[in-house]
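Colleague: Whatever this is, show me its structure:
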Amino acid sequence: MPLIKVRFLGAAGTVTGSKFYLETPEKNIMIDCGMFQGLKELRLKNWEPLPIDVKKLDAVLLTHGHLDHTGYLPKIFNAGFRGPVYGTAPTLDIAEIILCDSAKIHEEEAERANVEGYTKHSPALPFYTLKEAEFTLNFFKPQKRDVWHSLSENIKYRFRYNGHIIGATFIEIDIYGKRFVFSGDIGRLEDSLLAPSERPEWADYLFMESTYGDKNHPEENVEALLANLVKQTIHQKGHLIIPSFAVERLQSLMYLLWHMYRKNKIPNIPIYVDSPMGNDVLSIFEKHPQWHRLPMNEYRAMCNHINIVQSYRETWETIDDRRPKIIIAGSGMVTGGRVLTYLQQLMDRPSTTVLLVGYMAEGTRGRQLLEGTEELKIYGKNYPVKAQIEHLESLSAHADQNELINWLRGVRNIPENTFLIHGESNVLNAFQTKITNTFGWHTTIPKLNEVFTLVV
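Modeller: Numbers count the residues shown, from 1 in each chain. I've put the predicted structure just below:
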């Protein structure tokens with residue numbers, strides 16, 4: 001009987017670095033190829049060679065375009081991989097934007113570290129370069145969703161709609177008649193821009209994300225909370241800074257604020273969006289209207305109402321403008337991007353409010369702010385935090401515990417094993433208990449680099 005080896009190269013005992021390696025008699029397949037983010041001990045793992053022979057890898061399948069699912073791709077090409085990278089068209093479009101933007105940031109941070117001398121390395125090197133990222137794009141092969149695609153005689157796969165961000169899917173792979181289901185990141189049941197996720201009907205082996213497996217998002221009146229923060233910002237003549245992921249979160253915030261203004265729920269306060277990558281992602285909404293539910297006339301009206309910052313010079317003009325304003329800038333967990341410039345200049349003011357939206361991973365500046373840090377290190381220097389810190393969980397693009405359980409209810413059979421991934425350790429344990437109590441299924445929490453041999 002055929003044997004399948006599954007190696008957990010990432011997102012095992014942690015949320016980031018999604019990489020799962022399937023070794024089969026016919027093809028070797030990697031599901032997602034993401035970077036570790038957050039804690040330094042995790043980030044250092046990005047620099048370690050993978051414990052597999054990358055040259056024997058035949059194909060990579062991507063659930064969606066986020067960095068923690070795609071950001072390691074240039075490294076496997078550097079190591080000798082030359083096979084196809086499959087994903088839906090919007091996923092590959094987003095991955096292109098994210099990889100090129102990430103490469104530029106890696107290059108800029110390495111250069112800054114060398115010039116300003118806050119590095120132990122001589123010299124500091126970028127994780128990968130723009131040239132290496134662009135080389136990776138040559139191997140992108142977009143695939144239609146809901147259609148079975150053959151990898152070999154006994155292996156086929158298909159992508160199915162998953163909400164979360166534009167283009168996101170879960171992946172079903174049939175190997176010698178057994179179905180392997182990789183959940184990817186599951187979206188919300190109610191989302192202003194996206195439809196609810198579809199659900200798998202059958203899974204012999206299930207690889208299940210657990211980001212919010214221990215809790216449900218609070219029942220927040222988001223519009224009322226935002227309206228109060230806007231009024232407070234105007235009263236204090238301050239700034240409302242919202243760090244945001246460039247994909248989905250930024251567009252959702254734009255749409256929400258524009259909708260509130262149109263309904264007279266907030267005054268006509270200037271709104272600035274400062275995220276070059278986020279601006280590029282906006283074009284993907286225009287390119288792939290069948291993947292979201294934002295009408296194009298509303299999309300264009302929204303973009304006309306909001307100030308799109310086009311250059312770093314305009315970033316400083318926005319900072320120097322003394323009017324009360326809303327600033328949405330990347331990145332979402334405050335790990336890099338334009339938001340750092342705003343925080344360097346403005347978070348020492350009590351009149352500034354920083355609104356954190358969604359999940360903040362361990363070891364990120366976003367988590368530090370959430371936990372009440374009094375100073376934040378940015379580019380080797382500590383800056384005092386006197387700004388008011390607020391948090392909105394309900395705008396997360398990740399399903400909460402109830403929504404994850406609802407997704408699992410679509411599975412009609414009892415899986416032979418459900419591997420719980422993409423979660424912090426305490427969350428994984430809580431979600432394991434919830435699945436056991438709800439379904440009675442056999443579940444496993446794999447460790448990083450652990451290998452399981454499955455008989456199919």
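Colleague: Model confidence score at the residue nearest to residue 318 when sequence neighbours are not counted, please.
Modeller: The shortest distance from residue 318 to any non-neighbouring residue, by Cβ to Cβ, 6 or more residues apart in numbering, is to residue 272 (5.1 Å). C-beta coordinates here come from the backbone N, C-alpha and C atoms, glycine included. Predicted confidence (pLDDT) for residue 272: 96.
Colleague: do the same with residue 354
Modeller: pLDDT, residue 354: 98.
Colleague: so it makes contact with residue 343?
Modeller: Yes: contact criterion Cβ atoms under 8 Å: residue 354 and residue 343 qualify, at 7.3 Å.
Colleague: what residues are shared contacts of those two?
Modeller: residue 241 (Cβ atoms under 8 Å, 6 or more residues apart in numbering).
Colleague: residues contacting the residue nearest to residue 158 when sequence neighbours are not counted?
Modeller: Counting by Cβ to Cβ, 6+ apart, residue 158 lies nearest to residue 148, which is 4.9 Å off, once chain neighbours are set aside. Listed by Cβ under 8 Å, 6+ apart, the contact set of residue 148 reads 156-158, 174.
Colleague: what about the closest residue to residue 449 other than its chain neighbours, neighbour count?
Modeller: Spatially, and ignoring its direct neighbours in sequence, residue 449 is nearest to residue 51 (5.9 Å; Cβ to Cβ, 6+ apart). Counted with other Cβ atoms under 10 Å, the neighbours of residue 51 add up to 10.
Colleague: Residue 51: helix or strand, and which one exactly?
Modeller: Under DSSP states H and E, no helix or strand contains residue 51.
Colleague: And it, its phi and psi?
Modeller: Backbone torsions of residue 51, given as degrees, to the nearest 10, read phi -80, psi 40.
Colleague: right, and it touches residue 7 too?
Modeller: Yes: with contact defined as Cβ under 8 Å, residue 51 counts as touching residue 7 (7.5 Å).
Colleague: Could you give the number of residues near residue 267?
Modeller: So residue 267, with other Cβ under 10 Å, has 12 neighbours.
Colleague: That one against residue 235, yeah?
Modeller: No: counting by Cβ under 8 Å, residue 267 does not reach residue 235; the two are 11.3 Å apart.
Colleague: And the helices in the stretch 201-350 of the chain?
Modeller: Ranges of helices within the stretch 201-350 of the chain are 222-236, 249-262, 276-287, 296-305, 312-320, 339-346, based on DSSP state H, counting those that start in this stretch.
Colleague: who touches the first one?
Modeller: Contacts of helix 222-236 with the rest of the structure, by Cβ under 8 Å, 6+ apart, involve 238-240, 256-257, 260, 265-267, 269, 324-326, 350-351, 353, 355, 390, 392, 394-395.
Colleague: and the closest residue to residue 25 other than its chain neighbours, how many neighbours?
Modeller: Nearest residue to residue 25, sequence neighbours excluded (Cβ to Cβ, 6+ apart): residue 2, at 5.4 Å. Neighbours of residue 2 under the rule other Cβ under 10 Å: 14.
Colleague: what's the angle between the least confident helix or strand in the chain by mean pLDDT and helix 296-305?
Modeller: Of all helical and strand segments in the chain, the minimum by mean pLDDT, DSSP states H and E falls on helix 276-287, at a mean of 85. Taking axes from the mean of the first three to the mean of the last three Cα atoms, to 10 degrees, one finds helix 276-287 and helix 296-305 inclined to each other by 160 degrees.
Colleague: Identify each buried residue in helix 276-287, please.
Modeller: Residues 276-282, 284-285 are the ones in helix 276-287 that count as buried (16 or more other Cβ atoms under 10 Å).
Colleague: mind putting these in a markdown table, distance to residue 441 included?
Modeller: Shown next, in a markdown table, are the buried residues of helix 276-287 (distance: Cβ to Cβ, whole Å):
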| residue | distance to residue 441 |
| --- | --- |
| 276 | 44 |
| 277 | 39 |
| 278 | 39 |
| 279 | 43 |
| 280 | 41 |
| 281 | 36 |
| 282 | 41 |
| 284 | 36 |
| 285 | 37 |
